[in-house]
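Trainee: no sequence for this one, just the structure:
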């Protein structure tokens, strides 16, 4: 009887020691994760939607430019110098404007997307109890990581849900 | 015979349980307004982006009636107004700087032309940047009003209304309101209202 009591006490003490050690080690562990910044950026729903809107705008301008290009070809075939000069000027002007719009559009989208991603990533880090999130982008920050530290999928899911639900 | 009675009792109990759970909360005017404006009930959503705070407020019909009657429901034709609102969905989209120091129309504006351009956008253009995903449909605003407060408050409000598909006389499907802020370039701001949240709106005791 006495022996069984001692055994139970020993067992309970072992369990308690195990729990305390586990808790202490767990508390000291620094949680680090890796997020593929390019993948995160590309798979952010808002980026896809803004790009689709921008594409529509550029397509319309591009069609207008193509029409002027066709007229220019006709003028060249007819060797109408006055028309060629006028249409060449219009075509070059439209081409430059389109390129500028494309560059400005891309710049705007990048800025708007990062404006949303940075605070959302902060929040994601805090909610998942991370101490450090490293951005992997295939350009030297992280040269290799396996799935163990990879939080990309989780981050994408969290950020898109936050964006869609509006909170 | 005994088993038949048991089945009847169980059915009765289930029906009672379902009817009790289907019953909506009944609220008086002040409590109703607090419910609609409350941050925890899912009808008002706040989103912060880069020093800006956007608030999307869904307005149930009873709430609109209460606001329009200014508390004097006795001299207000409630039935007529409710009938007019049938088949529509209404929202307020408000935005302000989180520190509330300056009105959005004047934020970082250095010339009168810039101010007028901004005002013009909100008066005439912003409606194009708002849409409502309702079930499988995408709805565009049929009514839009920018509440011009002449810079008296640090917050601006757009009121926007949509016609629902003809099958629905009131909002009863999942909805997602989105506003693409072209002025301050904060991207697309969205707020989702689930069917459950809409079905859970209390009844107003008139």
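Mentor: Perfect, I can see it now. Just so it is clear, the structure is predicted and the values come from calculations on it, not from any experiment.
Trainee: contacts, neighbours, all on C-alpha from now
Mentor: Noted.
Trainee: How far does the helix or strand hosting residue A:109 sit from its chain's centre?
Mentor: Taking DSSP states H and E as the criterion, residue A:109 maps to helix A:81-127. Offset of helix A:81-127 from its chain centre (CA atoms, centre = their mean, to the nearest Å): 18 Å.
Trainee: Then stretch B:116-130?
Mentor: Here the centre of stretch B:116-130 is set off from its chain's centre by 20 Å, with CA atoms, centre = their mean.
Trainee: Between the two ends of that stretch, how far is it?
Mentor: 21 Å (CA to CA, to the nearest Å).
Trainee: Quick one: residues in contact with it.
Mentor: With CA atoms under 8 Å, 6 or more residues apart in numbering or on different chains as the test, stretch B:116-130 has contacts from B:105, B:140-141, B:144-146, B:158, B:160, B:177-183.
Trainee: Buried ones among those residues?
Mentor: B:105, B:140-141, B:144-146, B:158, B:160, B:177-180 (16 or more other CA atoms under 10 Å in any protein chain shown).
Trainee: filter the residues you listed by proximity to chain A?
Mentor: Near chain A, judged by CA under 8 Å from any CA of the partner chain, there are no entries from those.
Trainee: which residue is nearest the middle of chain B?
Mentor: For chain B, the residue sitting closest to the mean C-alpha position, by CA atoms, centre = their mean, is residue B:58 at 0.9 Å.
Trainee: Contacts only, for it.
Mentor: By CA under 8 Å, 6+ apart, residue B:58 lies in contact with B:36, B:43-44, B:89-92.
Trainee: how about the residues you listed in CSV, adding pLDDT, distance to chain A and neighbour count?
Mentor: Formatted as CSV, the contacts of residue B:58 follow (pLDDT from 0 to 100; distance: CA to the nearest CA, whole Å; neighbours: other CA atoms under 10 Å in any protein chain shown):
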residue, pLDDT, distance to chain A, neighbour count
B:36, 95, 17, 20
B:43, 96, 12, 23
B:44, 96, 10, 21
B:89, 97, 18, 22
B:90, 98, 18, 20
B:91, 98, 15, 20
B:92, 97, 15, 20
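Trainee: and these, which of them are in strands?
Mentor: Among these, the members falling in strands (DSSP state E) are B:44, B:89-92.
Trainee: Okay, strands next: where are they in chain A?
Mentor: Secondary structure of chain A (DSSP E): strands located at A:32-36, A:132-136.
Trainee: Do you know the pLDDT at the closest residue to chain B within chain A?
Mentor: Across chain A, the shortest distance to chain B (CA to the nearest CA) belongs to residue A:166, at 4.3 Å. Residue A:166 is assigned 81 on the pLDDT scale.
Trainee: Kindly report the same for residue B:72.
Mentor: Looking at residue B:72, its pLDDT reads 76.
Trainee: you'd agree it is in a strand?
Mentor: No: assigned with DSSP: H, G, I helix; E, B strand; the rest coil, residue B:72 falls outside any strand and is coil.
Trainee: can you tell me which residues contact it?
Mentor: Contact partners of residue B:72, counting by CA under 8 Å, 6+ apart, are absent.
Trainee: next one: phi and psi at it?
Mentor: Main-chain torsions, residue B:72, degrees, to the nearest 10: phi -100, psi 80.
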